[in-house]
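Trainee: Build me a structure from this.
(chains A and B)
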Amino acid sequence: MHRFTGLYLDLDGTSSTAAKTRALVEYFRGAEPEDAAWAVALFLGRRPKGTSSSRVVTAIALEISGIAPWLFDECRAAVGELAETIALLLPGVRRRAKANRDHPLGVYGAGQR
Amino acid sequence: MGEAPDLLRNDGSGLRCDLGGFWIDPWGPVKRAVVTHAHADHARGGSERYIPTAETAAFMRARSSAELPFDTVAYGEPFRLGDVEVSLHPAGHVLGSAQVLLRPDSGPTWCVTGDYKIEPDATCAAFEQQRCDVLVTECTFGLPIFRWRPDEEVVREINAWRAENAESGRTSVLLGYALGKAQRVLASLDASIGPIGVHGSVRTVCDVYEGHGVSFPEHVHANAESAPDLRGVGTIVAPPSAHGGPGQRRLASAGGMRTAMVSGWMSLRGRRRWRGTDRGFVLSDHADWGGLLETIERSGATRVLATHGYASQLARFLRESRGMDAAVLPTRFGDADDDDGERVKAVDG
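Mentor: Here you go, the predicted model:
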């Protein structure tokens, strides 16, 4: 998952198509076959359905961040996107992610089946 | 809230102080204007007299063709206007930026923060917390999604990005507002990575900074003459308006160039994408959410008026979560100040 995150940051860090292509090639060359399949699915927008509803995710984010629902709505309106809003509101996400050991991309979806 | 009228009120030309016979950052022409800082939406022409810091006056002079009448004042030195003792205190926003402290002969003390930033930086006097009864605070970034990382971390990323670009033969272009942000970025650049060039509009402002004792790493004016030296290895500091212009293209090497916008708004992916730059570095000249709350608390104010930004949101938060007397002080457009020189519509009541 760390490699996928790195890929995402590389793609997000340039507006050059050539650089994006290079980053994708490099990722897929080194990825485990199952991770590569998940990466393709995710980029095609085929997210596994029903892993968690936005309502549940929002409720958890509200609980952890401790902010009022109206203020969360204001934040979401400013950001324009739920996942990014939550990422910006939760403290220390970046550091904790690094400290954790890595997981394959399919870990959550596979558990569902 | 008692019988006495407020010390400051919005009279359509600006924030007016009847007891003192002056306005703060008026947008219309007035008799006496106390100016918090030199950004164009705070320092406007047409008034009979201006009372800014010497640095703010220097910026206004450099920008205006007309001879502006100034009474400059130093930080922390009180002066009288009508029945009010007034003093200016560092706001840490840009060189010369000031908070305005107002002590009327009787009644509550007011402080108008102007735009401010709490983290100190090398290019201007550090923010000095004031104590007051009524605090008028800006809130450009008045939502909890805005939380700045330490400057050193961001600066390290900027320099690493420059080094990476230089290694692959690309010119780095850093975009930031010409007054304040560009100088802060310039001051943080590691000159050993490659030559540094500045856009003409940034250079004019740098001259004023240098005249007031601020020093920068060695840099040249980025123009046709210096372009061959900068191309492919150098870094250019330019205002956002230069993005994609002919001057910028001239500096692109065969390997191309990489552009990055430097602004607090870059914390939002949508803003970064809309800008069309490769990267966005989050470095703001405004207080973040935590900084706003800290300043409000440390001011000891019992009443808070929010202005310039997410004002209705901050005021509601202070009322509901802190039990404070808080409201919105409307400004001319009722919209948010951008820290990269644009105006952005805010959800403001």
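
Trainee: Work out for me the element residue B:193 sits within.
Mentor: In this assignment (DSSP states H and E), residue B:193 forms part of neither any helix nor any strand.

Trainee: Can you get me a residue count around it?
Mentor: 21 (other Cβ atoms under 10 Å in any protein chain shown). C-beta coordinates here come from the backbone N, C-alpha and C atoms, glycine included.

Trainee: Same check on residue B:185?
Mentor: 25.

Trainee: show me the contacts for it.
Mentor: Contact analysis of residue B:185 by Cβ atoms under 8 Å, 6 or more residues apart in numbering or on different chains lists B:158, B:174, B:176, B:237, B:262, B:283.

Trainee: Check residue A:75 too.
Mentor: Counting by Cβ under 8 Å, 6+ apart, residue A:75 has contacts A:67, A:85, A:88, A:89, B:143, B:144, B:145.

Trainee: So it, which state does it fall into?
Mentor: Going by DSSP: H, G, I helix; E, B strand; the rest coil, the secondary structure assigned to residue A:75 is helix.

Trainee: Which residues are in contact with the spatially closest residue to it that is not a sequence neighbour?
Mentor: Of all residues not flanking residue A:75 in the chain, residue B:145 sits nearest, at 4.7 Å (Cβ to Cβ, 6 or more residues apart in numbering or on different chains). By Cβ under 8 Å, 6+ apart, the residues touching residue B:145 are A:75, A:78, A:79, A:85, A:88, A:89, B:267, B:268, B:289.

Trainee: for the residues you listed, which one is nearest residue A:2?
Mentor: residue A:88 (20.7 Å; Cβ to Cβ).

Trainee: which SS state does the closest residue to chain A within chain B fall under?
Mentor: Relative to chain A, the nearest point of chain B is residue B:145 (4.0 Å; Cβ to the nearest Cβ). On the three-state scheme (three-state DSSP), residue B:145 is labelled coil.

Trainee: Please apply the same query to residue B:260.
Mentor: From three-state DSSP, the assignment for residue B:260 is strand.

Trainee: Over to residue B:308?
Mentor: Here residue B:308 is recorded as strand under three-state DSSP.

Trainee: so where do the strands sit in the stretch 151-300 of chain B?
Mentor: Applying DSSP state E, counting those that start in this stretch to the stretch 151-300 of chain B gives strands spanning B:171-175, B:196-198, B:220-221, B:235-238, B:257-262, B:279-281.

Trainee: anything in stretch B:269-280 near chain A?
Mentor: Yes. Interface with chain A: stretch B:269-280 contributes B:269, B:270, B:276, B:277, B:278, B:279 (Cβ under 8 Å from any Cβ of the partner chain).

Trainee: which one among those residues gets closest to residue B:211?
Mentor: Nearest to residue B:211 among those, with distances taken as Cβ to Cβ, is residue B:277, at 31.0 Å.

Trainee: Disregarding residues adjacent in the polypeptide, which is nearest to residue B:191?
Mentor: Closest to residue B:191 by Cβ to Cβ, 6+ apart is residue B:217, at 4.0 Å.

Trainee: Longest helix in chain A, please.
Mentor: helix A:17-30 (DSSP state H).

Trainee: and what of chain B?
Mentor: Longest helix in chain B, counting by DSSP H: helix B:151-167.

Trainee: Just the closest residue of chain A to chain B, please.
Mentor: residue A:88 (4.0 Å).

Trainee: Which ones among the residues of stretch B:269-280 next to chain A lie within helices?
Mentor: Counting by DSSP H, the residues of stretch B:269-280 next to chain A contribute B:269, B:270 to helices.

Trainee: pull the CA atoms of the longest helix of chain A into CSV?
Mentor: Extracted in CSV, the C-alpha atoms of helix A:17-30 (Å, rounded to 0.1, in the frame of the first residue of the first chain):
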residue,chain,number,x,y,z
THR,A,17,1.5,13.3,-18.9
ALA,A,18,5.0,11.9,-19.7
ALA,A,19,6.0,12.0,-16.1
LYS,A,20,2.7,10.3,-15.1
THR,A,21,3.3,7.5,-17.6
ARG,A,22,6.8,7.0,-16.3
ALA,A,23,5.5,6.8,-12.7
LEU,A,24,2.9,4.2,-13.8
VAL,A,25,5.4,2.1,-15.7
GLU,A,26,7.7,2.1,-12.7
TYR,A,27,5.0,1.1,-10.3
PHE,A,28,3.6,-1.8,-12.4
ARG,A,29,7.1,-3.1,-13.1
GLY,A,30,7.7,-3.6,-9.4
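
Trainee: List of residues touching that helix?
Mentor: By Cβ under 8 Å, 6+ apart, helix A:17-30 touches A:3, A:4, A:6, A:7, A:10, A:11, A:14, A:36, A:39.

Trainee: how about the residues you listed, which pair is most distant?
Mentor: So, the contacts of helix A:17-30 by Cβ to Cβ: farthest apart are A:14 and A:36, at 21.4 Å.
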